[in-house]
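# Could you look at this predicted model? Sequence included:
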Amino acid sequence: CGDSHTTTYGALGALGFGIGTSEVEHVLATQTLVYRVAQDMRICVNGNLGGGVTAKDLVLHIIARIGAQGARGYAVEYCGSAIEALSAEARMTLCNMTVEAGARGALIAPDEVSVRYVAERIRDMPPGDISTAMAQWRALKSDADAVFDTEHRFDADAVAPYVTWGTSPDQAIPIGGRIPALPPHPVEQANAAKALGYMGLEAGGALDGLAVDHVFIGSCTNARIEDLREVAAVVSGRRVAPGVRAMVVPGSGRVREQAEREGLADALIAAGFEWRQPGCSMCLAMNDDVLQPGQRCASTTNRNFEGRQGRGARTHLMSPAMAAAAALAGRIVDVRKEFAHEPA
């Protein structure tokens with residue numbers, strides 16, 4: 001598909017990868033695509049994500065470790081006990097952002113979680129056909145002795161809520177960390193210095209406590225019903241900080257309707273959030289949803305490039321729970337410390 005985040009489909013065991021505009025034209029004209037076969041990468045994540053830590057934090061942790069080009073030219077397969085414990089929606093977040101490490105695609109082998117997610121949403125297949133299909137889906141996995149070109153291993157227990165400090169998704173640190181010193185390599189040093197200058201930050205500084213002007217919860221990365229439930233759990237009974245504009249854009253019409261049925265929308269509106277129609281919105285400064293130069297935004301989106309949310313706008317990527325906490329506090333905070341207790 002002509003969208004780089006087509007990698008999202010890997011959460012359901014379907015290989016999806018984005019192509020450019022010229023390639024889309026070629027497909028429409030010839031029904032074919034010239035494509036260089038990708039290399040294979042396996043990323044194994046074992047352990048357990050802690051309270052207040054999500055798939056968004058996990059993928060930012062991975063990208064920060066392997067770099068924005070760390071998976072360039074690879075199709076990535078995720079495995080491990082931490083991956084198996086993720087919901088289908090959380091897996092979508094993980095696969096969605098794997099492209100930010102340069103990956104061609106991302107895959108998670110179908111299991112009971114993904115099979116059930118798909119089966120519950122099939123509306124036009126006879127029961128017998130569904131059973132046959134489910135048996136085939138479960139067979140879509142790598143052989144036990146499969147050899148990958150590259151492998152990485154991560155410990156989920158070591159992952160904390162992550163926030164980006166720069167203008168690339170790999171420029172991210174744990175909420176309790178410090179912005180790293182400029183790297184010694186001249187090109188990397190120039191890139192980091194440019195990012196810090198654009199963001200108005202300094203090496204060695206902290207993100208915890210940094211004031212924000214805007215909070216955006218939405219995009220194909222984090223606007224599913226599970227994400228909105230997390231946000232509502234944080235903000236219920238509380239209010240958005242004065243001077244902060246906070247908005248929630250559901251990922252689809254179905255998600256919006258479900259959130260309204262569950263009372264999530266009412267909780268968000270009562271807390272001072274704008275409840276918007278589905279769409280891309282401020283993910284890429286769509287229509288009138290544009291930040292002004294110098295405004296700082298806590299965002300659940302997938303990219304924090306220069307000008308992504310408006311000319312001169314400063315974007316900090318984080319999880320929905322972390323963005324909700326930022327909206328309440330008026331600054332970037334650790335949701336685990338600030339809003340872990342039940343609201344009064």
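Arrived safely.
# so where do the strands sit in the stretch 201-344 of the chain?
Ranges of strands in the stretch 201-344 of the chain, per DSSP state E, counting those that start in this stretch, are 214-217, 245-248, 274-275, 296-299, 314-317.
# wait, Ala321 sits on Leu49?
No - using C-beta atoms under 8 Å, Ala321 makes no contact with Leu49, being 11.9 Å away. Using the backbone N, CA and C atoms, a C-beta is placed for each residue, glycine as well.
# ok, those two, which is more surrounded?
Ala321 (27 against 19; other C-beta atoms under 10 Å).
# Who are the packing partners of the host helix or strand of Ala135?
Per DSSP states H and E, Ala135 falls inside helix 127-138. Contacts defined by 3 or more C-beta pairs under 8 Å, 6 or more residues apart in numbering; DSSP states H and E place helix 127-138 against helix 112-119.
# what inclination does the helix it packs on have with respect to helix 127-138?
Helix 112-119 runs at 140 degrees relative to helix 127-138, counting by axes from the mean of the first three to the mean of the last three C-alpha atoms, to 10 degrees.
# Please work out the average pLDDT along helix 112-119.
What helix 112-119 shows for mean pLDDT is 93.
# Also stretch 283-290?
On average, stretch 283-290 scores 91.
# got the CA coordinates for it in PDB?
The C-alpha coordinates for stretch 283-290 follow below in PDB (Å, rounded to 0.1, in the frame of the first residue of the first chain):
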ATOM      1  CA  CYS A 283      -0.400  13.300  13.000                       C
ATOM      2  CA  LEU A 284       0.900  15.100   9.900                       C
ATOM      3  CA  ALA A 285      -0.700  18.500  10.300                       C
ATOM      4  CA  MET A 286      -3.800  17.600   8.300                       C
ATOM      5  CA  ASN A 287      -6.400  20.300   7.400                       C
ATOM      6  CA  ASP A 288      -6.500  22.900  10.200                       C
ATOM      7  CA  ASP A 289      -5.000  20.700  12.900                       C
ATOM      8  CA  VAL A 290      -1.600  22.400  12.800                       C
END
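# Run the chain-centre distance for that stretch.
With C-alpha atoms, centre = their mean, to the nearest Å as the basis, stretch 283-290 stands 18 Å off its chain's centre.
# Next: stretch 256-269.
On C-alpha atoms, centre = their mean, the centre of stretch 256-269 falls 22 Å from that of its chain.
# For that stretch, what is the spacing between the initial and final residues?
13 Å (C-alpha to C-alpha, to the nearest Å).
# Pull out the buried residues from it.
Neighbour counts over stretch 256-269 (16 or more other C-beta atoms under 10 Å) mark 256, 258-259, 264-265, 267-268 as buried.
# mind listing which of these are in helices?
256, 258-259, 264-265, 267-268 (DSSP state H).
# out of these, who's nearest Leu291?
The nearest member of those to Leu291, counting by C-beta to C-beta, is Leu268 at 20.3 Å.
# would you list the strands of the stretch 201-344 of the chain in JSON lines and tack on mean neighbour count and mean pLDDT?
Converted to JSON lines, these look like this (neighbours: other C-beta atoms under 10 Å; pLDDT from 0 to 100):
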{"stretch": "strand 214-217", "mean neighbour count": "28", "mean pLDDT": "98"}
{"stretch": "strand 245-248", "mean neighbour count": "22", "mean pLDDT": "98"}
{"stretch": "strand 274-275", "mean neighbour count": "16", "mean pLDDT": "98"}
{"stretch": "strand 296-299", "mean neighbour count": "26", "mean pLDDT": "98"}
{"stretch": "strand 314-317", "mean neighbour count": "27", "mean pLDDT": "98"}
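# Among these, which comes closest to Glu188?
strand 314-317 (20.0 Å).
# Pull up the pairing partners for the closest one, direction included.
Using DSSP bridges, the strands paired with strand 314-317 in its sheet are strand 296-299 (parallel).
# which residues sit against the partner strand?
200, 210-217, 219, 282-283, 291, 309, 313-318, 322-323, 326-327, 332 (C-beta atoms under 8 Å, 6 or more residues apart in numbering).
# repeat for stretch 13-32
By C-beta under 8 Å, 6+ apart, the list of residues contacting stretch 13-32 reads 1-10, 33-34, 75, 99, 104-105, 107-110, 114, 137, 140.
# Quick check: end-to-end length of that stretch?
End-to-end for stretch 13-32, by C-alpha to C-alpha: 22 Å.
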